[in-house]
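>>> Give me a model of this one.
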Amino acid sequence: MRLLAFLLTCLALSMPVAAEIVRLGDRFYSIDLPANPKGAPLILALHGGGGDPDQFASSSGFGRDATNAGYAVIFPAGSGRRGERLLTWNSGYCCGYAARWNVDDIAFLEKVVEDAAARFGVAGDRVYLTGMSNGSMMAETFAALNPALVRAVAGVAGTMDVARYPVKGRVPALIIHGTADQNVPYDGGVGSSSLSRTDFASVDAVVRAFLRPWGGALATATRRIDRRDDGTSVAMTDYRKAGDIVLRLITVEGGGHQWPGGRKARMTEGKTKEIDANTEILRFFALFP
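A predicted model of the protein is given here:
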C-alpha cells in the first residue's frame, strides 16, 4: 500500500495541471500549466478567425504536448460582439470584428503575459508564440513588434501584414503553409474560400521580412519528406546564420488550410499526414531555450 501511495504521488507530481480560465476585463485566457509551473517558459497559442481558445486547444491538442514538454501554454481569446463566440484578432489587414474596430491586441497580449507571470509564476521573459490562420498573423505581428521579448515564433497557415508591420529585430521564425491553401494563398492575394476579401501577403514576403534583420551571408538547405500516400509532400528549408538556424520554412506541397496533425474532420483534400505541427513547433522552440 505504501508503494502504491508513493507511485500515485509521483504520478500526480509529473502530470500537467488542468486548464484554468482567467478573466481580464471583458476578455479572457485559458492556461495549461506543466507539473512545475514556476519559471516555466510560456507559449501563447492563438486561435484562428472565427474560433476560440477551447476550440483551438481541442482541435490542435497543443496544450497537452507543450505542457508535457515543460511549457506553460496560454490560449488567449480574440474579440467579437458581446456574447459572440466567433472571435478574431486585429493583425492589420485582417480579420473581422477585431480589425474593423481596431482592437489593440498587441496591448492585450502584453497584458496576458504580465498577468500570467504574476499570477502563476511562469517566465514572462521567456515567451514563444504560435497560431493558426488569423492567429498566425497575430502571432507573427506580435513577434515582429516585440523582438526583445519573444524567443521564437511559429505561424501556421497565416501571413502577417508585412506592408504595415516591419520586423523590428531578430526573431527566429518557423513558417508552416500549404501550397493549396484556398483561405490564405501561399503566393498571396485573395483566397477563393476566405471569408475575408483581404489581399494577403505571400509566404515569401513573410520569410523575407523575418530574414531581413539577420543581414546577409545566410546559408540554406532543403530536405524533402514524402512518406505517406496522402497527396501531399513537404519541403523543409532551413536558413542559417553562422551555422545557427534563424528561420525554418515548411512548405506542404498540396496542403490545404489546416494545422498538420490537428483535427479538421470536414477537410477531404489537402490534409497532410507527412508532419505534425505540434512536434515541429516544439522541436523548433527547443532550439531557442
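>>> can you count the residues close to Tyr71?
If you count neighbours by other C-beta atoms under 10 Å, Tyr71 ends up with 28. Where you see a C-beta, it was placed from the backbone N, CA and C, and this is true even at glycine.
>>> May I have the phi/psi pair for it?
Torsion angles at Tyr71 (phi, psi; degrees, to the nearest 10) stand at phi -90, psi 150.
>>> got it, and Arg81?
phi -60, psi 150.
>>> From Val103, how far off is it?
12 Å (C-beta to C-beta, to the nearest Å).
>>> again with Val203
Plainly put, Val203 is 26 Å away from Val103 if you go by C-beta to C-beta.
>>> These two: which is more packed in?
When Val203 and Val103 are compared for neighbours, Val203 comes out ahead with 25 against 18, by other C-beta under 10 Å.
>>> from memory the more buried one sits against Val252, does it?
No - the pair Val203 / Val252 is not scored as a contact, 10.8 Å apart, by C-beta atoms under 8 Å.
>>> who touches both of these two?
His177 (C-beta atoms under 8 Å, 6 or more residues apart in numbering).
>>> Tell me which helix or strand Glu114 sits in.
Using DSSP states H and E, Glu114 maps to helix 105-120.
>>> Find residues that contact each of Arg81 and Val103.
What both Arg81 and Val103 touch, as defined by C-beta under 8 Å, 6+ apart, is the set Tyr97.
>>> Show the backbone phi and psi for Ala143.
Taking degrees, to the nearest 10, you get phi -60, psi -40 for the backbone angles of Ala143.
>>> Please, where are all the helices along the stretch 1-150 of the chain?
Listed in chain order, the helices of the stretch 1-150 of the chain (DSSP state H, counting those that start in this stretch) span 2-14, 53-60, 62-68, 96-100, 105-120, 134-145.
>>> Including distance to Asn90, mean pLDDT and mean neighbour count, could those helices go into JSON lines?
Putting those into JSON lines (distance: least, C-beta to C-beta, whole Å; pLDDT from 0 to 100; neighbours: other C-beta atoms under 10 Å) gives the following:
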{"stretch": "helix 2-14", "distance to Asn90": "39", "mean pLDDT": "42", "mean neighbour count": "9"}
{"stretch": "helix 53-60", "distance to Asn90": "17", "mean pLDDT": "96", "mean neighbour count": "20"}
{"stretch": "helix 62-68", "distance to Asn90": "22", "mean pLDDT": "98", "mean neighbour count": "21"}
{"stretch": "helix 96-100", "distance to Asn90": "4", "mean pLDDT": "95", "mean neighbour count": "19"}
{"stretch": "helix 105-120", "distance to Asn90": "5", "mean pLDDT": "98", "mean neighbour count": "18"}
{"stretch": "helix 134-145", "distance to Asn90": "8", "mean pLDDT": "98", "mean neighbour count": "29"}
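>>> Can I get those in CSV including distance to Val22?
Listed next are those as CSV, based on distance: least, C-beta to C-beta, whole Å:
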stretch, distance to Val22
helix 2-14, 23
helix 53-60, 11
helix 62-68, 15
helix 96-100, 20
helix 105-120, 7
helix 134-145, 18
